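*Asks:* one predicted model, sequence on top.
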Amino acid sequence: MEIKTQEKEGVLIIEVNGEINISSSPELKRAFEKVQATKVLINLSRVGYVDSSGLATLVELLKKVKARGGALTLTNVSDKVRSLFEITKLDKLFGIYATDEMALKSLK
């Protein structure tokens, strides 16, 4: 898994490339450890698969950001990954947007 970060309009944008699974989840957690941002956007356009540990990691990251009074959104979620969020009802917990631009507007 590859993780790139950048800041845009006061929002931390995290781009994930690869699967978010039991093997790669710890890497995503480590990348997030030093993050103190209250507005976070995770772009999943290059993520084709998320397993249950990946979902748990994303929920954990969401809780950390919310505990700081912030918001975390997901963007560019593939149909396959989106259906996983819908089946688990996590689509109600996360803000999921089609594009980064839509998510950026929601975080202002």
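*Replies:* Perfect, I can see it now. These numbers come from a predicted model, not from an experiment.
*Asks:* what's the least confident helix or strand in the chain by mean pLDDT packed up against?
*Replies:* When each helix and strand of the chain is scored by mean pLDDT, DSSP states H and E, helix 25-33 comes last, with a mean of 91. For helix 25-33, the packing partners by 3 or more Cβ pairs under 8 Å, 6 or more residues apart in numbering; DSSP states H and E come out as strand 2-8, strand 11-17, helix 52-67. The C-beta positions use only the backbone N, C-alpha and C, and glycine is treated the same way.
*Asks:* rerun that using 7 Å as the cut-off
*Replies:* Judged by 3 or more Cβ pairs under 7 Å, 6 or more residues apart in numbering; DSSP states H and E, the packing partners of helix 25-33 are helix 52-67.
*Asks:* quick check: next helix or strand after the helix it packs on?
*Replies:* The element immediately downstream of helix 52-67 (helix or strand, assigned by DSSP states H and E) is strand 71-75.
*Asks:* give me the mean pLDDT for that next one.
*Replies:* With pLDDT averaged residue by residue, strand 71-75 scores 97.
*Asks:* helices or strands up against it?
*Replies:* strand 39-46, helix 52-67, strand 95-97, helix 100-106.
*Asks:* other residues contacting that strand?
*Replies:* 39-44, 61-62, 65, 94-97, 99-100, 103, 106-107 (Cβ atoms under 7 Å, 6 or more residues apart in numbering).
*Asks:* residues contacting the nearest residue to Lys80 once chain neighbours are set aside?
*Replies:* For Lys80, ignoring the flanking residues on the chain, the nearest one in space by Cβ to Cβ, 6 or more residues apart in numbering is Gly48 at 6.8 Å. When contacts are counted by Cβ under 7 Å, 6+ apart, Gly48 touches 19, 78, 80.
*Asks:* cool, Lys39 as well?
*Replies:* Contact analysis of Lys39 by Cβ under 7 Å, 6+ apart lists 10-12, 70-71, 107.
*Asks:* quick test: name the residue nearest the centre of this protein.
*Replies:* Residue closest to the average C-alpha location in the chain (Cα atoms, centre = their mean): Ile42, at 3.6 Å.
*Asks:* what is the neighbour count of Asn43?
*Replies:* Other residues near Asn43 come to 21 when the count uses other Cβ atoms under 10 Å.
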